[in-house]
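>>> Got a predicted structure here, sequence first:
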Amino acid sequence: MDLFGSSLEDRFTEYAPLAARMRPTSLDEVAGQQHLLASGRALRTLIQVGDASSIILWGPAGAGKTTLANVIAGAVNAHFEPMSAVASGVADVRKVIEKAKERLGQQGTKTLLFLDEIHRFNKAQQDALLPAVENGWIVLVGATTENPSFEVNSPLMSRSLLFRLEALSEDDILGIERRALADAERGLAKLDLKVDEEALLHIARGSGGDARAALNALEAAAVMASATEGAVTLRVAEEALQRRSLPYDKAGDWHYDVISAFIKSMRGSDPDAAVYWMARMLDAGEDPRFVARRMVIFASEDVGNADPTALQVAVAAHHALEFVGLPEAKLNLSQAVIYLALAPKSNASAVAMWSAEEDIRSSGPLPVPDHLRDSHGRASKATGAGQGYEYPHARGGWVQQDHLPDAMRGRRYFRAISGRESELARELEGKKRAGGDEADREGRAR
């Protein structure tokens, strides 16, 4: 019997942080990531069959990258060797590789090197891993919060499978909290605490999808409750999380009211209010991707061609969120929100689409005029398709001709409102006038 090992395990259970004690040891305990871990999904299948492929795990903090590395190590019966790219260099990597080779040669045991924040390694440091990965001396599991396509060397990427993890949902975090409260061996059940549901919800919403942060807050709340009230109330949860509870229910009226205020503030060209409402949503735990998507929609619905750059700014903010992640991406979102609020406003693009859809619903599918039909096929040409069509490029880039179905001739869907689209519309009207004058001249000549 290993008395030292048994004593160490007992002390770990007693003194280790709750987040460490509650770390899943099997796939069934892992929360979230069903797109990777549901039955039949690639990562789950690889783990279940004990595949020892090197992989890169890309996802936000607290999503379970370290947990999955531990689970994989157990599945392939490998020695787990954790390493932080922040505190390690090439010399440390080489030591790990040498020990891995010895372990493999002498004991037949594989070594799983879990390299946290692999994006922090420079090219030389990443290159040092290549021979060990290629020769199977180590199984590399690299973890990163940054886009590995930009941060990890191509040779290393080509030798690894890439899996993207998502931030844990509010329900995922609630499940983790409840499991910790119910576990008597590793969790908090022995404290026999009364825990209010609103306290758990507050911690789940305030943790930003980070299981580690949620468990740290829950443990702090449990300690505070044990020393004072004997119950984890909302007030205790607020103290533990150091964040006041905001009335914002992502499934209820507050959610719709706040997002409505956010959109209307941008539409009303009020950058201060728009930033406030966005900060309110993010602070309450709203998915930042939802906020970014609303901005992309707004850029076309409420700004449109009054400032075509607005859509580029909104899409860039969405990409920046995926590339940088929170909390830094809040700066990108704030920049985009302010731009959208300051931009000239026009719903002309939206109104044009809605009007066209209404006509289609009322009139049904109308036939395409002969001169607009595709004329590439021999049979099409024989039926007169394309006859009478005038090629704009042969007439200086614009030509006067009808492009709507005959029954809709003269129907207007787009009407310029402001900004750049007004300039473009004036240019088009000038071309139409010039085209009409030319047609009149040709008619008089005939």
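Everything's here; your move. All values reported here derive from a predicted model rather than from experimental measurement.

>>> which SSE is the spatially most central residue of the chain in?
For the chain, Glu322 is the residue whose C-alpha lies nearest the centre (C-alpha atoms, centre = their mean; 5.0 Å). Element membership for Glu322, per DSSP states H and E: helix 309-324.

>>> from the chain's centre, how far out does that helix sit?
12 Å (C-alpha atoms, centre = their mean, to the nearest Å).

>>> For Pro308, give me its contacts.
Going by C-beta atoms under 8 Å, 6 or more residues apart in numbering, Pro308 touches Arg420. Just so you know, the C-beta spots here come from the backbone N, C-alpha and C atoms, and that holds for glycine as well.

>>> all numbers from here: first residue = 42
With the count now opening at 42, the last piece we talked about shows up as Pro349.

>>> on that earlier part again, give the buried residues for the helix holding Glu363.
For helix 350-365, burial by neighbour count (16 or more other C-beta atoms under 10 Å) applies to 351-352, 354-355, 357-359, 361-362, 364-365.

>>> repeat for stretch 126-135
126, 129, 134.

>>> how much space between the first one and Phe162?
According to C-beta to C-beta, to the nearest Å, Ala126 stands 5 Å off from Phe162.

>>> ditto for the last one
Distance of Val134 to Phe162, given as C-beta to C-beta: 8 Å.

>>> follow-up on the earlier one: grab the nearest non-local neighbour of the residue nearest to the centre of the chain.
The spatially closest residue to Glu363, leaving aside those adjacent along the chain, is Asn188, at 7.4 Å (C-beta to C-beta, 6 or more residues apart in numbering).

>>> Pretty sure the one you found sits against Phe364.
Yes - with contacts counted by C-beta atoms under 8 Å, Asn188 reaches Phe364, the gap being 5.2 Å.

>>> Identify the contacts common to Ala126 and Phe162.
By C-beta under 8 Å, 6+ apart, the residues touching both Ala126 and Phe162 are Leu156.

>>> how many neighbours does Ala93 have?
16 (other C-beta atoms under 10 Å).

>>> let me fix that: Ala302
Ala302 has 16 neighbours, counted by other C-beta under 10 Å.

>>> got a list of what it touches?
The contact partners of Ala302, taken as C-beta under 8 Å, 6+ apart, are 314, 318.

>>> Looking at it now. What's its pLDDT?
The per-residue pLDDT reported for Ala302 equals 90.

>>> State the helix or strand in which it lies.
With elements taken from DSSP H and E, the one containing Ala302 is helix 294-308.

>>> could you pull out the strands for the chain?
96-99, 120-125, 152-157, 180-185, 202-205, 235-236, 272-273 (DSSP state E).

>>> who wins for proximity to Met394 among these?
For the strands of the chain, proximity to Met394 was assessed by C-beta to C-beta; strand 202-205 is nearest, at 33.0 Å.

>>> Give the partner strands of the closest one in its sheet and their orientations.
Strand partners for strand 202-205, identified by DSSP bridges, are recorded as strand 96-99 (parallel).

>>> what's the distance between His243 and Pro368?
19 Å.

>>> more crowded one of those two?
Set side by side, His243 and Pro368 show more neighbours around His243, with 27 against 10, by other C-beta under 10 Å.

>>> these two touch, right, the more buried one and Gln283?
No - the pair His243 / Gln283 is not scored as a contact, 11.5 Å apart, by C-beta under 8 Å.

>>> and for those two, which residues touch both?
In terms of C-beta under 8 Å, 6+ apart, His243 and Gln283 are not both contacted by any residue.

>>> pLDDT score assigned to Leu77?
The model's pLDDT for Leu77 equals 85.
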